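# Just a sequence and a predicted model for now, questions to come.
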Amino acid sequence: MRAFITGITGQDGAYLAQYLLSLNYEVHGLVRYTSQGLNTKKLATLVNLDEVTFHIGDITDSLRIQKLLNDIQPDEIYNLAALSHVHISFDNPKLALDTIALGTLNIVESARNLGLVNRTKIFQASTSELFGNSYDAAALDETSPMNPVSPYGTAKLYAYHLAKNYRQAYGFHISNGICFNHESPLRGETFVTRKITKAVAAIKKGQQDCLFLGNLEARRDWGHAKDFVRMMHKMLQQKQGDDYVIATGKSYSIREFAVKAFAVAGFDIIWQGDAEDEVGIDQSTGKILIKIDPSYKRPNELHALVGNPQKAIDQLGWNPHSITIDNLIREMVEYDLNLLT
């Protein structure tokens, strides 16, 4: 089997490449060339780079994408490429639109033009950001209303519906994986979870004094990227394409995540103050370790997300609690501590 992964150098791309190689796939990856060369640092922590065939290109370049699909003739395409940071999408909405919406169009339209409808199965990376603040007492599933509150989520909504359009209009085997938050030691350092674990490690090593956070009460449904990529592959092994929520069904606040991360490093956080003056203090030393910085809050805040993965459990054999939140956080903190030794 031959797979083509866009976004192969990111967290999900790295874990997916590792998993597909373990299944004896021939793995091809799309990478952008920068002045620093190929950014394969994350990927290199999990796989032998010689086992992957790299193709230079950009997801926004339709002619390049069509040529690559024609040359590779993949059995499976995993479209993971995107400007994936929600906060940054407010600063550069056009880049979010180009990489996500236009990029997805380039993938599906190139596949259609090349007559790959009966040969190639496609996974489209979707997101819980589609739902926006439609959260209520029930967990979100494939039928929940979608109302994104960021340029990132809006671009992903276009890509989500485009994938469904091509499945319905042309008969493509294409699946949307509506993935809730998933983390790992390879998570980008601008994401709040990795920001927290890196700060905990630096504070433990005496290299940083304090961690600054935005909205402590924002809640997310966090899983491990290693588990999520297995479901991406599983979707393409079904008889036909479909849409699936991949989530754990449990949510935790940024506050709770931070407390758990500091506990791994031996800190017991207690809270004092209110609103933007609230601080997290190490109970044993009285030292302030967490402060609020309003600049980290989104212009249009998404308050809470929790998914209902029952369809994936029933049809894909998804185990939402293979890796618990505590084990995930411990793995991330210990990884960042080891980086500083």
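Okay, I see it.
# For residue 328, which non-adjacent residue is spatially closest?
Distance criterion CB to CB, 6 or more residues apart in numbering; nearest residue to residue 328, sequence neighbours excluded, is residue 224 at 5.1 Å. Any C-beta I mention is one placed from the backbone N, CA and C, and that applies to glycine too.
# where's that neighbour relative to residue 44, distance?
The gap separating residue 224 from residue 44 is 20 Å, by CB to CB, to the nearest Å.
# now residue 316
Counting by CB to CB, the separation of residue 316 from residue 44 is 29 Å.
# what about those two, which has more around it?
Of the pair residue 316 and residue 44, residue 316 is the one with more neighbours under other CB atoms under 10 Å, namely 20 against 12.
# can you pull the contacts of the nearest residue to the more buried one once chain neighbours are set aside?
Closest residue in space to residue 316, ignoring its immediate chain neighbours: residue 234 at 4.6 Å, by CB to CB, 6+ apart. Residue 234 makes contact with 316, 317, 318, according to CB atoms under 8 Å, 6 or more residues apart in numbering.
# Turn these into CSV, including pLDDT and distance to residue 169.
As requested, those are arranged in CSV below (pLDDT from 0 to 100; distance: CB to CB, whole Å):
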residue, pLDDT, distance to residue 169
316, 97, 25
317, 96, 30
318, 96, 28
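# Inside helices: which ones of the residues you listed?
Secondary structure from DSSP state H places residue 316 of the contacts of residue 234 in helices.
# Look at the closest residue to residue 172 other than its chain neighbours and tell me its secondary structure.
Counting by CB to CB, 6+ apart, residue 166 is the residue found nearest to residue 172 once chain neighbours are left out, at 4.8 Å. Per DSSP: H, G, I helix; E, B strand; the rest coil, the local secondary structure of residue 166 is helix.
# Name the next helix or strand downstream of the helix or strand of the chain with the lowest mean pLDDT, please.
The helix or strand of the chain with the poorest confidence is strand 37-38; it has a mean of 66 (mean pLDDT, DSSP states H and E). Remark: after strand 37-38, the chain's next helix or strand is helix 41-44, criterion DSSP states H and E.
# tell me which residues in the helix or strand just after that following helix are buried?
Heading C-terminal from helix 41-44, the first helix or strand you meet, by DSSP H and E, is strand 52-56. Buried residues in strand 52-56, counted by 16 or more other CB atoms under 10 Å: 52, 54, 55.
# Who are the packing partners of the helix or strand just after strand 52-56?
Next helix or strand after strand 52-56 toward the C-terminus (DSSP H and E): helix 62-72. Packed against helix 62-72 by the contact rule (3 or more CB pairs under 8 Å, 6 or more residues apart in numbering; DSSP states H and E) you find strand 2-6, helix 103-113.
# if we go to 10 Å?
Using 3 or more CB pairs under 10 Å, 6 or more residues apart in numbering; DSSP states H and E, the elements in contact with helix 62-72 are strand 2-6, strand 26-31, strand 52-56, helix 103-113.
# Compute the inter-axis angle for the first one and helix 103-113.
The one in question is strand 2-6. 150 degrees (axes from the mean of the first three to the mean of the last three CA atoms, to 10 degrees).
# hmm, back to that, with the contacts of residue 234 in mind, which one is nearest to residue 202?
Nearest to residue 202 among those is residue 318, at 35.0 Å by CB to CB.
# dump the residue contacts of the closest one.
If a contact means CB atoms under 10 Å, 6 or more residues apart in numbering, then residue 318 has 223, 227-228, 230-231, 234, 244-248, 309-312 as its contacts.
# Residue 160 is in what secondary structure piece?
Using DSSP H and E, residue 160 falls within helix 151-170.
# swap that for residue 259, sorry
helix 254-264.
# Check which element follows that helix along the chain.
Past helix 254-264, the next helix or strand by DSSP H and E is strand 269-272.
# Now do the buried residues in that following strand.
In strand 269-272, counting by 16+ other CB under 10 Å, buried: residue 269.
# low-confidence ranges in this protein?
Filtered on pLDDT under 70, the chain yields the residue ranges 34-38, 85, 134-138, 297-303.
# go again using 50 as the cut-off
Residues of the chain meeting the criterion pLDDT under 50: 35.
# is it fair to say residue 333 lies in a helix?
Yes. Counting by three-state DSSP, residue 333 is part of a helix.
# Let me know how buried it is, in neighbour terms.
Neighbourhood size, residue 333 [other CB under 10 Å]: 23.
# now residue 242
Residues near residue 242, counting by other CB under 10 Å, number 18.
# Contacts only, for residue 188.
Applying CB under 10 Å, 6+ apart to residue 188 gives the contacts 10, 11, 42, 84, 85, 194, 195.
# From residue 281, how far off is the last one?
Put plainly, it is residue 195. 19 Å.
# Mind listing what's buried along stretch 84-92?
Of the residues in stretch 84-92, 84, 85, 86, 87, 88, 89 count as buried by neighbour count, 16+ other CB under 10 Å.
# Using TSV, lay out these together with secondary structure.
Putting these into TSV (three-state DSSP) gives the following:
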residue	secondary structure
84	coil
85	coil
86	helix
87	helix
88	helix
89	helix
